[in-house]
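Q: My questions are about this predicted structure, shown below with the sequence.
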Amino acid sequence: MSAYLLIRATITDPENFARYSAVVPGLVSKFGGQYIVMDREPEQIEGTLGCQSIVMSKWPDKAAAQKFWDSEEYRTAIPLREGTGEFDVTLLNGL
């Protein structure tokens with residue numbers, strides 16, 4: 001069953017966040033993920049959005065997404081995003 005990583009973010013330091021975003025797409029691809037949403041201007045239709053951007057990636061399954069998340073390569077990228085904003089990350093099952 002496919003899985004999705006949903007990231008809701010408010011970027012407060014775009015200049016430094018760019019270092020993180022230059023590294024991570026290659027890792028997502030390497031671990032079998034594919035970006036399906038990258039929106040820096042999401043339109044809230046109902047409720048409260050609470051973020052400035054939304055990114056969603058599709059994975060073969062939750063195990064693949066978790067392998068990426070727990071990988072040494074991704075762990076070395078995480079410090080690049082520290083102090084650049086607020087991030088909520090959710091791992092979801094597909095249908």
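A: Ah, there it is. Numbering: from 1, shown residues only.

Q: How much space separates the closest residue to Phe31 other than its chain neighbours from Ile11?
A: Of all residues not flanking Phe31 in the chain, Phe68 sits nearest, at 3.7 Å (CB to CB, 6 or more residues apart in numbering). In this view, the C-beta of every residue, glycine as well, is placed from N, C-alpha and C. For Phe68, the distance to Ile11 (CB to CB, to the nearest Å) stands at 21 Å.

Q: repeat for Lys67
A: Distance from Lys67 to Ile11, by CB to CB: 26 Å.

Q: These two: who's more crowded?
A: Ile11 (20 against 15; other CB atoms under 10 Å).

Q: Break down the chain into its strands, ranges please.
A: 3-11, 34-39, 53-59, 85-93 (DSSP state E).

Q: among those, which is the most enclosed?
A: Mean neighbour count (mean count of other CB atoms under 10 Å) peaks for strand 53-59 among these, with a mean of 19.

Q: which secondary structure elements does it contact?
A: Packing partners of strand 53-59 (3 or more CB pairs under 8 Å, 6 or more residues apart in numbering; DSSP states H and E): strand 3-11, strand 34-39, helix 62-70.

Q: Quick one: residues contacting the nearest residue to Gly83 once chain neighbours are set aside.
A: Among residues not flanking Gly83 along the chain, Asp13 sits closest, at 6.5 Å (CB to CB, 6+ apart). If you count contacts by CB atoms under 8 Å, 6 or more residues apart in numbering, Asp13 has them with 83-85.

Q: pLDDT wise, what is Tyr4 at?
A: Tyr4 carries a pLDDT score of 98 in this model.

Q: Distance check, it against Pro42.
A: Where Pro42 is concerned, Tyr4 sits at a distance of 16 Å (CB to CB).

Q: so Lys67 sits right up against Val28, yeah?
A: No - counting by CB atoms under 8 Å, Lys67 stays clear of Val28, with 11.7 Å between them.

Q: Between those two, which contacts overlap?
A: Residues touching both Lys67 and Val28 (CB under 8 Å, 6+ apart): none.

Q: How many neighbouring residues does Met1 have?
A: By other CB under 10 Å, neighbour count at Met1 equals 8.

Q: Kind regards, and thank you for your time.
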